[in-house]
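Novice: Kindly generate the corresponding structure for this input.
(chains A and B, ligands or ions: 1)
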Amino acid sequence: MSQQNVGTLDIERIRSDFPILEREFDDQQVVYLDNAATTQTPDPVIDAMSDYYRYTNSNVHRGIHHLSQEASEAYERAHDRVADFIGASGREEVIFTKNTTESENLVAYSWGLSELGPSDEVVLTEMEHHASLVTWQQIANRTGADVKYIRIDEDGRLDMDHARECITDDTAILSAVHVSNTLGTVNPVTELTELAHEHDALSFIDGAQAVPNRPVDVKAIDADFYAFSGHKMAGPTGIGVLYGKQHLLEEMDPYLYGGGMIRKVTFEDSTWADLPWKFEPGTPQIAEAVGLDAAIDYLEEIGIERVQAHEEELAEYAYERLEAEGDVEIYGPEPGPDRSGLVGFNLESVHAHDLASIMNDHAVAIRAGDHCTQPLHDKLGVAASARASFYVYNTREEVDKLVAAIDDARQLFA
Amino acid sequence: MGMGSDMYRQQILDHYKSPRNYGELEDPTFTHVGENPMCGDEIRMDVKLDDEGTIERVAFSGDGCAISQASASMLSGKLTGKTVDELLEMDRNDIIDMLGVDISPMRVKCAVLAEKVAQDGAKIHRGELDKSKTSTED
Ligand SMILES: Cc1ncc(COP(=O)(O)O)c(C=O)c1O
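Specialist: You can find the predicted model right below:
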């Protein structure tokens, strides 16, 4: 796939769907390379959401009237669309949350609090995002479970020998990032899941950086849970997804209660609605679900394989250009099948925050900081790193602007 | 050019590259450490008072971005000869005036880190504050 030429994407046409990319700061057009934090939203997604508010808006699952029916159908259809996109069996396996973070918390509270105990182990990786690391660490603290971290090697790949040591019969759940938001490493999640299953443990895969830019099939991975966010895949903020195997979700109790998620309520007790509504209490994010549905349309129209190829080609080009600079340290594996389209790095003589400020002078938007992976940064021996991350609308010329800004920063600090 | 390049004027870069009063004092009256968790920057301020309680010497150490380091370097000079009351009266505007550049909103915490560490150190010394470490997020 990565052989494919960027030219196969009609970048000009794609860019015309994103008016935000025309914005200028101090007469310079913005170069948006912070896509791992959040991607931009194309017109068709914005239109779908504003049309929903203009012509369909209503509450779901309650009204007998036309509008409520249409809204309910649109909201439910979005579940089907997501299920189809990631290879889930159906809407029963697709729960809408606020974001990846809430999806992690849902499982940690619903399943973790009741199932974990002092004899259990939770296995994470050293490259976990705080969304999973902090969540499982805290639930483990409350339940007395132990937390183990699978090591990374010098290249920023998981040490699979260590994974085999960490995952034992005491392991209750493994939670691993599919793609690292700091290193760009694509982890062997199918193999990790198999390891977990060999020891009767569950597998939770954090796909926040994977679903936006590569084909994902949850059944092929055989993950028990899989999470991602709409706002990192050309969709709106405020909506995330938790995929879960149906039999597991059926056994789990909800951790948020209220309207919409019940079947029958008396003064004494309540029973729960069917999946997935059991885990979606209160008025849900209806317009956002419509937006996510439209975002999937948008990505599928381009072709998710081509999104991946484009992103990988840009990352490879950025990697080469940065490596040629000589004084840039790049984190994570070399370009290849186990490397995604984001590049974390540090310029030797310039602190990442200063670098980001100078980039901002050139209207180049990158991320600098710990990227919600503080323990990983401790391990890398740096307080912060810079990160350039790409999406369908980015170009080689924008990578050139990134490198020019680096040269400018070096000169300023020389 | 925007705020960034204005931020990295000659004076700032000069203090960053050749920090004044960098290091630790042998006999500080008080010493304190604080961090800016946003950047992972950490600064230690050592302050020596004379018999009248006037600041006689200041030293700082730690790593960080150009803004936090230059601010600590400049502050270490500016504080010499001031009373502890005067130190405690300083606010972020004094720091921005001292730096002499526009600090973009996202970087103000970098700029005020050294001041906050020195002030918290002074308050702890006076028994008005009880904490082991200062954070710009507090
Ligand atoms: C790997 C990974 N996991 C989880 C998250 C959290 O996503 P969100 O902030 O949408 O919950 C992110 C994004 O920041 C991420 O990159």
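Novice: Tell me where chain B is predicted with low confidence.
Specialist: Low-confidence segments of chain B (pLDDT under 70): B:1-5.
Novice: swap the cut-off to 50 and go again
Specialist: B:1-4 (pLDDT under 50).
Novice: So which residue is dead centre in it?
Specialist: Centroid check for chain B by Cα atoms, centre = their mean gives residue B:114 as the closest residue, at 2.0 Å.
Novice: helices or strands next to the helix or strand hosting residue B:86 in the packing?
Specialist: Using DSSP states H and E, residue B:86 sits within helix B:84-89. On a contact count with 3 or more Cβ pairs under 8 Å, 6 or more residues apart in numbering or on different chains; DSSP states H and E, helix B:84-89 meets helix B:108-125. For the C-beta atoms, the positions are set from N, CA and C on the backbone; glycine is no exception.
Novice: And the helices in the stretch 301-414 of chain A?
Specialist: Applying DSSP state H, counting those that start in this stretch to the stretch 301-414 of chain A gives helices spanning A:304-324, A:352-361, A:374-380, A:396-413.
Novice: For the helix holding residue B:86, which outside residues touch it?
Specialist: Helix B:84-89 has contacts (Cβ atoms under 8 Å, 6 or more residues apart in numbering or on different chains) with B:49, B:53, B:55, B:79, B:118, B:119, B:122, B:123, B:125, B:126.
Novice: For the last one, give its distance to the ligand.
Specialist: Taking Cβ to the nearest ligand atom, to the nearest Å as the criterion, residue B:126 is separated from the ligand by 42 Å.
Novice: show me the contacts for that residue.
Specialist: Contact partners of residue B:126, counting by Cβ under 8 Å, 6+ apart, are residue B:84.
Novice: Name the nearest residue to residue A:119, ignoring sequence neighbours.
Specialist: Once flanking residues are discounted, residue A:119 sits nearest to residue A:170: 6.5 Å by Cβ to Cβ, 6 or more residues apart in numbering or on different chains.
Novice: contacting residues around residue A:139?
Specialist: Here residue A:139 is in contact with A:108, A:109, A:112, A:113, A:116, A:122, A:145 (Cβ under 8 Å, 6+ apart).
Novice: on that earlier part again, contact partners for the residue nearest to residue A:119?
Specialist: Taking Cβ under 8 Å, 6+ apart, we find residue A:170 in contact with A:119, A:120, A:121, A:146.
Novice: So what's the residue count around residue 100?
Specialist: Here I'm looking at chain A. 26 (other Cβ atoms under 10 Å in any protein chain shown).
Novice: The intended chain is chain B.
Specialist: Using other Cβ under 10 Å, residue B:100 has 10 neighbouring residues.
Novice: Pull the number of nearby residues for residue B:105.
Specialist: Neighbour count for residue B:105, taken as other Cβ under 10 Å: 8.
Novice: What separation do you get for it and residue B:111?
Specialist: Using Cβ to Cβ, to the nearest Å, one gets 11 Å for the distance from residue B:105 to residue B:111.
Novice: Report the closest residue of chain B relative to the ligand.
Specialist: residue B:38 (15.8 Å; Cβ to the nearest ligand atom).
Novice: Identify the residue nearest that residue in space, chain neighbours excluded?
Specialist: That would be residue B:109: by Cβ to Cβ, 6+ apart, it lies 5.8 Å from residue B:38.
Novice: wouldn't that neighbour be in contact with residue B:35 here?
Specialist: No. Using Cβ atoms under 8 Å, residue B:109 makes no contact with residue B:35, being 10.3 Å away.
Novice: rewinding a little: backbone dihedrals for the residue nearest to residue A:119, both of them.
Specialist: Note on residue A:170: backbone dihedrals following degrees, to the nearest 10 are phi -80, psi -10.
Novice: re the thing from before, for the residue of chain B closest to the ligand, list the residues it contacts.
Specialist: Listed by Cβ under 8 Å, 6+ apart, the contact set of residue B:38 reads A:369, B:109, B:110, B:136, B:137.
Novice: got it, and residue A:173?
Specialist: For residue A:173, the contacting residues are A:111, A:112, A:116, A:122, A:123, A:136, A:196, A:201, A:202, A:203, A:204, by Cβ under 8 Å, 6+ apart.
Novice: Quick check: it is in a helix.
Specialist: No. Counting by DSSP: H, G, I helix; E, B strand; the rest coil, residue A:173 is not part of a helix but strand.
Novice: count of residues packed around the residue lying closest to it once chain neighbours are set aside?
Specialist: Using Cβ to Cβ, 6+ apart and skipping residues adjacent in sequence, the residue nearest residue A:173 is residue A:202, 4.5 Å away. Other residues lying near residue A:202 total 22 when counted by other Cβ under 10 Å.
Novice: Could you pull up the residues touching residue A:202?
Specialist: Counting by Cβ under 8 Å, 6+ apart, residue A:202 touches A:111, A:172, A:173, A:174, A:196, A:224, A:225, A:248.
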